[in-house]
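1. Generate a structure from the sequence data that follows.
(one chain, ligands or ions: 1)
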Amino acid sequence: MEIEFQRVGKKYETGQEALSQVSFHLQQGEMAFLTGHSGAGKSTLLKLIMMIERQSHGKIIIDGEDLLSLSRKYIPFHRRKVGVVFQNHQLLFDRSVFHNVALPLQVSGADPQHVAKRVRAALDKVGLLGKEKYNPMALSGGEQQRIGIARAVVNKPQLLLADEPTGNLDPRLSAEIMNLFQEFNRVGVTVLVASHDLSLIARMHHRVLTLNQGRIVNDGGFS
Ligand SMILES: Nc1ncnc2c1ncn2[C@@H]1O[C@H](COP(=O)(O)OP(=O)(O)OP(=O)(O)O)[C@@H](O)[C@H]1O
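-> Numbering: from 1, shown residues only. As a prediction, the model looks like this:
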């Protein structure tokens, strides 16, 4: 899935200008990192892609569609094409690993056999197939994050977004999580990861978009 930002700005109702004149183009199947100081606008940029927020200026084209031209009714369809991973993985601790991963499919009304097949395939990809019946609470932080990733990919999204997905993890687990993203990218998924872990980003050798006070100040490879 292709993403294009053309001079995008976002001003919140509070008057806070979170993004300004942001332009970039992420090709179908590309992987990139988004970095910058706290408050630089990383989460806002991801929220615009997910249509949780709407831009105040400029144009966002995703999968050939101008997001401003999409009506409210279309938002759930748009979101289904995008998998999202958060730092605090937002798991339900009163449900099993299986049910946590199944959630997005159940919301879209898929039949139970299809759900079971997709959930197992997603758990297999993140190395948690043997733990489907566990309560997420019984799993380690790294494993919990992998449940979040399985849930993000269970719909087979063409685009995977992550907001500080390694925030609470040690360096080894963080590298494992990043490798997982890389594997999804290898099979054609477009991946955009917001992170402030510069040393980890440097080791991944992907494109890096750097935000500073809402503006892109660098766009390039990490040398
Ligand atoms: N809903 C909102 N209403 C008003 N201002 C907001 C809102 N969300 C974010 N902001 C402001 O917009 C700016 C960018 O915030 P954003 O969360 O996008 O940054 P970030 O780079 O993701 O930061 P962090 O790494 O701390 O999560 C900040 O000044 C923030 O306070």
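2. So which other helices or strands are in contact with the helix or strand hosting residue 124?
-> Under the criterion of DSSP states H and E, residue 124 resides in helix 112-125. With contacts defined as 3 or more Cβ pairs under 8 Å, 6 or more residues apart in numbering; DSSP states H and E, the packing partners of helix 112-125 are helix 97-107, helix 141-153, helix 171-186. For every residue, glycine as well, the C-beta is placed using N, CA and C.
3. residues in contact with it?
-> Under the contact criterion Cβ atoms under 8 Å, 6 or more residues apart in numbering, helix 112-125 has outside partners 97-98, 101-102, 105-106, 110, 129, 131-132, 150-151, 153-156, 180, 183-184.
4. What mean pLDDT does that helix get?
-> Summarised as a single mean, pLDDT over helix 112-125 is 95.
5. cool, and stretch 128-140?
-> Mean predicted confidence for stretch 128-140 is 95.
6. Give me the pLDDT for the closest residue to residue 196 other than its chain neighbours.
-> Spatially, and ignoring its direct neighbours in sequence, residue 196 is nearest to residue 35 (5.9 Å; Cβ to Cβ, 6 or more residues apart in numbering). Looking at residue 35, its pLDDT is 96.
7. Bridge partners for the most centrally placed residue in the chain, pull those for me.
-> Computing the C-alpha centroid of the chain and ranking residues by Cα atoms, centre = their mean puts residue 161 first, at 1.6 Å. Applying DSSP bridges to residue 161 yields these beta-bridge partners: residue 84, residue 192.
8. Is it in contact with residue 83, as I believe?
-> Yes: using Cβ atoms under 8 Å, residue 161 makes contact with residue 83 at a distance of 7.1 Å.
9. For the helix or strand hosting residue 77, which residues meet the burial criterion?
-> Using DSSP H and E, residue 77 maps to helix 75-80. Neighbour-count burial for helix 75-80 flags 78, 79 (criterion: 16 or more other Cβ atoms under 10 Å).
10. same thing with stretch 17-32?
-> Result for stretch 17-32 [16+ other Cβ under 10 Å]: buried residues 17, 18, 19, 20, 22, 24, 26, 30, 31, 32.
11. Out of the residues you listed, which two sit at the greatest distance?
-> 17 and 31 (28.5 Å; Cβ to Cβ).
12. how many other residues sit next to the nearest residue to residue 134 once chain neighbours are set aside?
-> The shortest distance from residue 134 to any non-neighbouring residue, by Cβ to Cβ, 6+ apart, is to residue 97 (5.1 Å). If you count neighbours by other Cβ atoms under 10 Å, residue 97 ends up with 27.
13. thought residue 97 was touching residue 139?
-> Yes: the pair residue 97 and residue 139 qualifies as a contact (Cβ under 8 Å) at a distance of 7.3 Å.
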